[in-house]
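>>> just to be clear, the model below is a prediction. Sequence and coordinates:
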Amino acid sequence: MDVQQAEIRIVVGAGEYNNNPGWIHTQEKEINLLDENTWRNRFDINSITAILAEHVWEHLTYEEGIKAAKICYEFLKPSGYIRCAVPDGFFPDETYQNVVKVGGPGPKDHPAASHKIVHTYKTLTEMFEASGFQVVLLEYFDEQGNFQCNDWDGKDGIIFRSKKYDPRNQGNKLAAPSLIIDAIKVK
């Protein structure tokens, strides 16, 4: 994928981070993944080149995830994509899994407290494919707990919580990985 500056590229659920300069950073109150009207108020159908969602989709149920993907599909240009990163359900680390589990750890104001699903590469792929996307796996763990990584370029959307960019994940041991995919609009 080759991103050009004139293209519309948005980050949904950007939080306090600005890992992608030049992208439109949005919060849930501005662009709600489940409310098509918030999209229509800002964007035309088939107008967005790229959507980046880093640790957002785990706050949706599987069914909500499909609904959100279908809304995004409508606003993406043909060959546009969603770069989506979520906690990885196959990462073989008990402490990590306790943090990312449904309902999360600790107090209700902890971000993980609103996790509704822990995806594996299988569930995330199935969800986006059910919404019409072609899925390319970028970083993920397989069923045996082995890390798999396909080459990807940060100019197409930086995912901070990745092997590639997170300093906690440098070297031979991963501490805070994400399951990362590109979901590409095929029509």
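Good, I have the coordinates. Numbers count the residues shown, from 1 in each chain.
>>> please enumerate residues in contact with the lengthiest strand in the chain?
The longest strand of the chain (DSSP state E) is strand 76-86. Outside strand 76-86, the residues that touch it by CB atoms under 8 Å, 6 or more residues apart in numbering are 1, 46-58, 69, 72, 119, 124, 128, 133, 138, 156-157, 159, 161-162, 178-187. All C-beta spots, glycine's among them, are computed from the backbone N, C-alpha and C.
>>> show the buried residues in those.
Burial of the contacts of strand 76-86 was assessed by neighbour count (16 or more other CB atoms under 10 Å); the buried members are 1, 48-58, 69, 72, 119, 124, 128, 133, 138, 156-157, 159, 161-162, 178-185.
>>> now, those that are in strands?
Those of the buried ones among the contacts of strand 76-86 lying in strands (DSSP E): 48-54, 133, 138, 179-185.
>>> where does the prediction get shaky in this structure?
Applying pLDDT under 70 to the predicted model, the residue ranges of the chain that meet it are 1-6, 106-107, 110.
>>> quick one: the helices in it, in order.
Remark: helices assigned in the chain by DSSP state H are 36-40, 62-75, 94-100, 121-130.
>>> which among the ones you listed is found nearest to residue 115?
Minimum separation from residue 115 across the helices of the chain (CB to CB) falls at helix 94-100, 6.3 Å.
>>> mind giving me the packing neighbours of that closest one?
Judged by 3 or more CB pairs under 8 Å, 6 or more residues apart in numbering; DSSP states H and E, helix 94-100 has no packing partners among the helices and strands.
>>> and the ones in strands among the buried ones among the contacts of strand 76-86, which is closest to residue 100?
Proximity of those to residue 100 (CB to CB) peaks at residue 179, which lies at 10.3 Å.
>>> for the closest one, which non-adjacent residue is spatially closest?
By the measure of CB to CB, 6 or more residues apart in numbering, the closest residue to residue 179 outside its immediate chain neighbours is residue 88, 3.9 Å from it.
>>> how many neighbours does the one you found have?
For residue 88, the tally of surrounding residues (other CB atoms under 10 Å) stands at 25.
>>> measure it to residue 101 for me?
As defined by CB to CB, to the nearest Å, residue 88 lies at a distance of 12 Å from residue 101.
>>> now residue 71
Using CB to CB, one gets 27 Å for the distance from residue 71 to residue 101.
>>> what is the end-to-end distance of stretch 48-62?
Taking CA to CA, to the nearest Å, stretch 48-62 runs 24 Å from one end to the other.
>>> start at 210 instead
Fine by me, first position is 210 from now on; the one you just mentioned is stretch 257-271.
>>> and it, how far out from the chain's middle?
Mean-position distance between stretch 257-271 and its chain equals 4 Å (CA atoms, centre = their mean, to the nearest Å).
>>> nothing else from me, thank you.
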